[in-house]
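Asker: Quick check, what structure comes out for this input:
(one chain, ligands or ions: 2)
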Amino acid sequence: MPSVRRVSHEFLERQGLTTVFGNPGSNELPFLAGLPDGFRYVLGLHEGAVVGMADGYAQATGRPVLVNLHAASGSGNAMGALTNAVASRTPLVVVAGQQVRPAIGPEANLASVDAPALMKPLVGWAAEPACAGDVPRALAQAVFEARLQRRPTYLSVPYDDWSADVDDNALAVLDRRVLRAAVPGGEQRRWLVEQVASARRPALVLGGDIDSAGRFDDAVRLAERLGGPVWAAPSQFRLPFPNRHPLFRGVLPAGIAPVSAAFEGHDLVLVLGAPVFRYHEHLPGRYLPEGTRLIQVTEDASAAARAPMGEALVADPGAVIDVLLEALGAADRPAGPYRPVPEPLTAEGPALHPEQVFAALREEMPEDTAYVVESTSTNAAWWRQTDLRRQGSYYFPAAGGLGFGLPGAVGVAMAQPGRPVVGVIGDGSANYGITALWTAAQHRVPLTVVLLRNGAYGALRWFGGLLGVPDAPGLDIPDLDFTRIAEGYGVRAQHVGSVAELRAALAETPEHPRLIQVDTALTTP
Ligand SMILES: Cc1ncc(Cn2c(C)c(CCOP(=O)(O)OP(=O)(O)O)sc2=O)c(N)n1
Ligand SMILES: [Ca+2]
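Answerer: Ligands and ions are numbered 1, 2, ... in the order given. Below you'll find the model as predicted:
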């Protein structure tokens, strides 16, 4: 009879989950025994980095990814990075080891007491099978739930289960497929087309799911057909639309009152692939202006259910774009020229202004470069200086949890070896996922990390001023030298002191990971 391990490996292979991001403990070794040829294990030195890399890899490949973590302490370390993966709707399948069943109740060492509860409410599904024979089916459920919900799932498996024999029924899981059709038809289709076709001044709000689903160019065609303004949904973690397109108005402000003000005069707001909305600052006001109707289209049923206003259709936003383009036809006139980029601001003294760094990236890096950005006080500078026109060009921690940037950049670069990838990382953020540098070096990932060193938690300095706490402690992080830290992890590094030096460094095409440190002036987000 085959073992639980052999059937589970076979199932994972058939489902394409053969790249495993992990950090092992003794409980996990029996799962890792005899990994078949074709599987690749990517070791991260901290579980936050493991999940960040897996998140970047899954987002860039668009497929579920297997994560293997240690029980309890290992799974706990991953929670911060999982908040981002939940917000970006990344289908991660986390498999964690567990003590043998008789040892869990007595809370023997390395027992994860009530393991599934540890990960809720973050993950979309969590379980610990009631017996070894149910492990292959439970693993299949974890994969299918992650794919259907587009949310991480968690499976805790007692370590002696993997060597147990299974009966023939357990083999039935190998041929399972779970598909979902999400194209609106009939009455729903007629209703939606009529609402959009009859709108006098429609506006579009696009979420990260549009980019994740590869619908970046289709969204441009729909926007140019509607002719109205386009915003990115608040708390943006992907770029769903070219940021210099003449119809693009930027990211919606993350407050109730300013969002309502932005919609003033529009009779229909069509939200595609985003929750309504991930506000941030509490700025109370009317949700919508008088006379404005909001229709949300999302695959995320709970996002549709929890929205505070408007109507929602749970469907594939990409399929809805196809339906609307088919019904309305393409634009009959070009949208006009893309907006030009302003001259970058400069800073007093030796440090560069972040806009000078971003202008150098725009001018030196190839147009298809993918950027993973985690430098929180430089967002305004970033969007003033950048000109992104391709799908999959921008990633940001979806729940604002730092520690995604550096690992996520490694994961994106591993997923797209032929595409230039740049991590734009603040000197504060870098520390939350710094061990990913070691993995990048070990796997010779051709990644560029531009490390913006302003010696502070810049964004918090700004928030401190906003919230009337200008002298808050713990906001300065002086004396960090990431060139020496990077070299310690095996990554070639250099410090650049001018725009010319930065441009010369960027002009070289990296064969392996490299870190370029540059001192930047403090700016406001
Ligand atoms: C895991 C985690 N810890 C702490 C924070 C709080 N935080 C922190 C600590 C920030 C400072 C980031 O500093 P940086 O150097 O990366 O970027 P800037 O200097 O440009 O702000 S921004 C922010 O929200 C967070 N968002 N996530
Ligand atoms: Ca900083």
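Asker: Export stretch 1-9 to CSV, keeping only CA atoms.
Answerer: Taking C-alpha atoms only, stretch 1-9 is exported to CSV below (Å, rounded to 0.1, in the frame of the first residue of the first chain):
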residue,chain,number,x,y,z
MET,A,1,0.0,0.0,0.0
PRO,A,2,1.4,3.5,-0.8
SER,A,3,2.2,5.8,2.1
VAL,A,4,0.5,9.1,3.0
ARG,A,5,3.7,10.8,1.9
ARG,A,6,3.9,9.2,-1.5
VAL,A,7,0.2,9.9,-2.3
SER,A,8,0.6,13.5,-1.1
HIS,A,9,3.7,14.1,-3.1
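Asker: Just the buried positions in that stretch, please.
Answerer: Using 16 or more other Cβ atoms under 10 Å as the test for burial, stretch 1-9 gives 2-9. From N, CA and C alone the C-beta is placed, and that goes for glycine too.
Asker: ok, and what's touching it?
Answerer: Defining contact as Cβ atoms under 8 Å, 6 or more residues apart in numbering, one finds that stretch 1-9 is touched by 30-31, 33-36, 39, 132-133, 135-136, 139, 161-167, 170-171, 173-174.
Asker: quick check: mean pLDDT across it?
Answerer: Averaged across stretch 1-9, the pLDDT comes to 96.
Asker: OK, contacts around S156?
Answerer: Contacts of S156 by Cβ under 8 Å, 6+ apart are 71, 96-98, 112, 115-116, 126-128.
Asker: Would you list the phi and psi of it?
Answerer: phi -100, psi 130 (degrees, to the nearest 10).
Asker: List the residues that contact the closest residue to it other than its chain neighbours.
Answerer: Excluding the flanking residues, the one nearest S156 by Cβ to Cβ, 6 or more residues apart in numbering is A115, at 3.6 Å. The neighbourhood of A115, defined by Cβ under 8 Å, 6+ apart, consists of 71-72, 75, 96, 98, 126, 128, 154, 156.
Asker: Which ones among those lie within strands?
Answerer: Those of those mapping onto strands are 96, 98, 126, 154, 156, per DSSP state E.
Asker: For G408, state which of those is nearest.
Answerer: Y154 (20.1 Å; Cβ to Cβ).
Asker: most distant residue from the middle of this structure?
Answerer: M1 (40.9 Å; Cα atoms, centre = their mean).
Asker: distance of that one from D168?
Answerer: 8 Å (Cβ to Cβ, to the nearest Å).
Asker: Which strand or helix spans V297?
Answerer: Element membership for V297 (DSSP states H and E) is strand 293-298.
Asker: okay, the helix or strand just after that strand in PDB with CA atoms only?
Answerer: Proceeding N to C from strand 293-298, the next assigned helix or strand is helix 301-306, under DSSP H and E. Extracted as PDB, the C-alpha positions of helix 301-306 are listed here (Å, rounded to 0.1, in the frame of the first residue of the first chain):
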ATOM      1  CA  ALA A 301     -17.800  36.800  -2.000                       C
ATOM      2  CA  SER A 302     -16.900  38.000   1.500                       C
ATOM      3  CA  ALA A 303     -15.700  41.400   0.100                       C
ATOM      4  CA  ALA A 304     -19.000  41.700  -1.700                       C
ATOM      5  CA  ALA A 305     -20.900  40.800   1.500                       C
ATOM      6  CA  ARG A 306     -19.100  43.200   3.800                       C
END
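Asker: Looking at the buried residues of stretch 1-9, which are in helices?
Answerer: Judged by DSSP state H, these include 4-9 as members of helices.
Asker: T61 is in contact with G214, correct?
Answerer: No: G214 is not in contact with T61 according to Cβ atoms under 8 Å; the separation is 11.4 Å.
Asker: Please identify which of these two sits among more neighbours.
Answerer: T61 (16 against 12; other Cβ atoms under 10 Å).
Asker: For G392, see how far away that one is.
Answerer: Per Cβ to Cβ, T61 is found 10 Å from G392.
Asker: need the contact list for the residue of the stretch 251-400 of the chain found nearest ligand 1.
Answerer: Nearest residue of the stretch 251-400 of the chain to ligand 1, counting by Cβ to the nearest ligand atom: S377, 3.3 Å away. Counting by Cβ under 8 Å, 6+ apart, S377 makes contact with 426, 454, 458-459, 461-462, 522-525.
Asker: from those residues, which two are the most distant?
Answerer: Farthest pair in the contacts of S377 (Cβ to Cβ) is G426 and T524. Separation: 14.0 Å.
Asker: Give me the helices and strands touching the lowest-mean-pLDDT helix or strand in the chain, please.
Answerer: Ranked by mean pLDDT, DSSP states H and E, the weakest helix or strand in the chain is helix 168-171, scoring a mean of 86. Judged by 3 or more Cβ pairs under 8 Å, 6 or more residues apart in numbering; DSSP states H and E, helix 168-171 is in contact with helix 4-15.
Asker: Sheet-wise, list the partners of the helix or strand just after the helix it packs on with their directions.
Answerer: Next helix or strand after helix 4-15 toward the C-terminus (DSSP H and E): strand 19-23. Using DSSP bridges, strand 19-23 pairs in its sheet with strand 40-43 (parallel), strand 65-69 (parallel).
Asker: Adding distance to ligand 1, mean pLDDT and mean neighbour count as columns, could you present these in TSV?
Answerer: Compiled in TSV, these are given as follows (distance: least, Cβ to the nearest ligand atom, whole Å; pLDDT from 0 to 100; neighbours: other Cβ atoms under 10 Å):
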stretch	distance to ligand 1	mean pLDDT	mean neighbour count
strand 40-43	22	96	16
strand 65-69	18	98	27
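Asker: export the ones you listed to CSV and tack on distance to R200?
Answerer: Output for those, formatted as CSV (distance: least, Cβ to Cβ, whole Å):
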stretch, distance to R200
strand 40-43, 52
strand 65-69, 45
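Asker: quick one, which of the ones you listed is nearest to V357?
Answerer: Taking Cβ to Cβ, strand 40-43 is the member of these nearest to V357, at 29.4 Å.
Asker: what separates the closest one from the chain centre, distance-wise?
Answerer: 20 Å (Cα atoms, centre = their mean, to the nearest Å).
Asker: what's next to it, contact-wise?
Answerer: Taking Cβ under 8 Å, 6+ apart as the rule, strand 40-43 contacts 18-23, 32, 35, 53, 414, 439, 442-443.
Asker: repeat that with 6 Å
Answerer: Applying Cβ atoms under 6 Å, 6 or more residues apart in numbering, the contact partners of strand 40-43 are 19-21.
Asker: for stretch 402-415, same thing?
Answerer: Taking Cβ under 6 Å, 6+ apart as the rule, stretch 402-415 contacts 48-49, 52-53, 55-57, 60-61, 80-81, 84, 370, 372, 374, 395, 397, 421, 423, 425, 429-430, 432-433, 436, 439-440, 445, 447.
Asker: quick one: it near ligand 2?
Answerer: No: Stretch 402-415 lies out of reach of ligand 2 by Cβ under 5 Å from the ion, never closer than 10.7 Å.
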